[in-house]
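Peer 1: Just need the structure, nothing else, for what follows:
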Amino acid sequence: MELEKTHIMRKSTKNLGLAATFLVSLVIMGAGCAKTGSNLTTTPVSYLTLINEAIYASSLDVFLNDTLATAPAGIPPGSFSSSYGTIRPGNYTLKFAVVGSDSIVSQLPASAFDTLNFYTVLLYNLPGGGAVQSVKIQDNFSTISATLANYRFFNLSPNYPQVDFYIGTTVAQPNRGTADNATSTLYNSFTAVSPGSVNLIVKKAGTDSVIASAANVALIGGNAYTIFLGGIINSTSTPLQINVLQASY
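Peer 2: From the prediction side, this is the model:
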């Protein structure tokens with residue numbers, strides 16, 4: 001498994017963004033590899049990452065079953081893990097509560113987190129605001145290209161229920177709805193594209209109205225990227241922007 005992972009993602013030497021609050025806590029709950037002399041002991045782990053685009057909510061605590069998995073400050077809206085953290089494999093109910101309280105705003109029923117599998121959890125608001133929504137995705141790297149770059153795109157902005165996603169001047173994915181990947185799971189798969197430095201653009205569907213853009217983004221062959229539109233209009237703390245996450249652990 002280690003050899004397979006090195007083809008699809010880099011091993012992270014640091015964690016950014018949410019790592020200080022979320023992933024560090026998960027790593028404490030999980031276990032890595034301990035090497036003593038010539039003996040190697042490995043404890044099974046599951047890999048988990050989280051994107052919090054529930055922009056209309058306050059900071060949130062995450063519970064695995066009834067165990068708090070985040071630092072006291074919680075996870076602010078608009079934040080995300082920069083790499084996968086580890087947890088012990090098992091069945092978990094994921095609960096999301098207003099930070100420092102027992103007020104549950106969303107919950108995912110008990111499901112399996114299997115050994116050496118990768119999972120992404122999304123928190124989001126649907127257009128018009130309302131309740132915090134959540135979904136668990138099992139990330140499948142088994143079919144991605146070892147020579148081309150691989151990407152998937154999520155629209156996680158509640159302000160734009162339909163967008164067109166461009167790579168350069170080409171419409172790569174038209175008419176993407178807010179969190180449509182929660183129900184159309186095909187959107188959670190990775191698509192292969194030619195590697196290189198590209199401009200990423202999100203436009204209001206069917207128009208030339210640019211919502212957000214990111215210039216000179218490096219998409220490297222053999223790597224997997226989650227690209228998502230996040231944020232809301234006229235916000236300084238959670239502005240509309242394109243985020244690019246290279247899969248790493």
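Peer 1: For the host helix or strand of T93, buried residues please.
Peer 2: Assignment of secondary structure by DSSP states H and E places T93 within strand 90-98. For strand 90-98, a neighbour-count test (16 or more other C-beta atoms under 10 Å) marks Y92, L94, K95, F96, A97, V98 as buried. C-betas here are computed from N, CA, C, even on glycine.
Peer 1: Okay, buried residues for whichever helix or strand comes after that strand please.
Peer 2: Following strand 90-98 in sequence order, the next helix or strand is strand 104-113 (DSSP H and E). Under the neighbour-count criterion of 16+ other C-beta under 10 Å, strand 104-113 has V105, S106, F113 buried.
Peer 1: Any chance of a markdown table for the residues you listed, columns distance to V171?
Peer 2: Converted to a markdown table, the buried residues of strand 104-113 look like this (distance: C-beta to C-beta, whole Å):
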| residue | distance to V171 |
| --- | --- |
| V105 | 35 |
| S106 | 32 |
| F113 | 36 |
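Peer 1: quick revisit: taking the buried residues of strand 90-98, tell me the two that lie furthest apart.
Peer 2: Y92 and V98 (20.1 Å; C-beta to C-beta).
Peer 1: helix/strand/coil for Q173?
Peer 2: Following DSSP: H, G, I helix; E, B strand; the rest coil, we place Q173 in the strand state.
Peer 1: so it sits right up against D164, yeah?
Peer 2: Yes: Q173 is within contact range of D164, at 7.4 Å (criterion: C-beta atoms under 8 Å).
Peer 1: These two: who's more crowded?
Peer 2: Per other C-beta atoms under 10 Å, whichever of Q173 and D164 has more neighbours is D164, with 21 against 18.
Peer 1: which residues does the more buried one contact?
Peer 2: V171, Q173, P174, N175, R176, V202, K203, K204, A205, G206 (C-beta atoms under 8 Å, 6 or more residues apart in numbering).
Peer 1: Specify the beta-bridge partners of the first one.
Peer 2: With DSSP bridges as the criterion, V171 is bridged to Y166.
Peer 1: ditto for the fifth one
Peer 2: On the basis of DSSP bridges, R176 is bridged to V163.
Peer 1: low pLDDT regions in the chain?
Peer 2: Along the chain, the model assigns pLDDT under 70 to residues 1-41.
Peer 1: Work out which residue lies at the spatial centre of it.
Peer 2: Centroid-nearest residue in the chain: I51, 4.5 Å away (criterion: C-alpha atoms, centre = their mean).
Peer 1: Let me see the contact set for that residue.
Peer 2: Contacts for I51 (C-beta under 8 Å, 6+ apart) come out as F80, S81, T120, V121, L122, L123, F154, L156, T226, F228, G230.
Peer 1: Distance of it relative to F80?
Peer 2: Distance, I51 to F80, using C-beta to C-beta, to the nearest Å: 4 Å.
Peer 1: Would you check how far apart Q133 and V121 are?
Peer 2: 11 Å.
Peer 1: again, but for T170
Peer 2: Taking C-beta to C-beta, one finds T170 at 31 Å from V121.
Peer 1: before we move on, what about V62?
Peer 2: Counting by C-beta to C-beta - V62 and V121 are separated by 8 Å.
Peer 1: what is in contact with those two at once?
Peer 2: L50, L94.
Peer 1: With neighbour numbers in mind, choose between those two.
Peer 2: V62 (25 against 18).
Peer 1: I'd guessed the more buried one sits against A71; true?
Peer 2: No: using C-beta under 8 Å, V62 is not in contact with A71; the gap is 10.2 Å.
Peer 1: tell me the contacts of N65?
Peer 2: N65 neighbours (C-beta under 8 Å, 6+ apart): Y92, T93.
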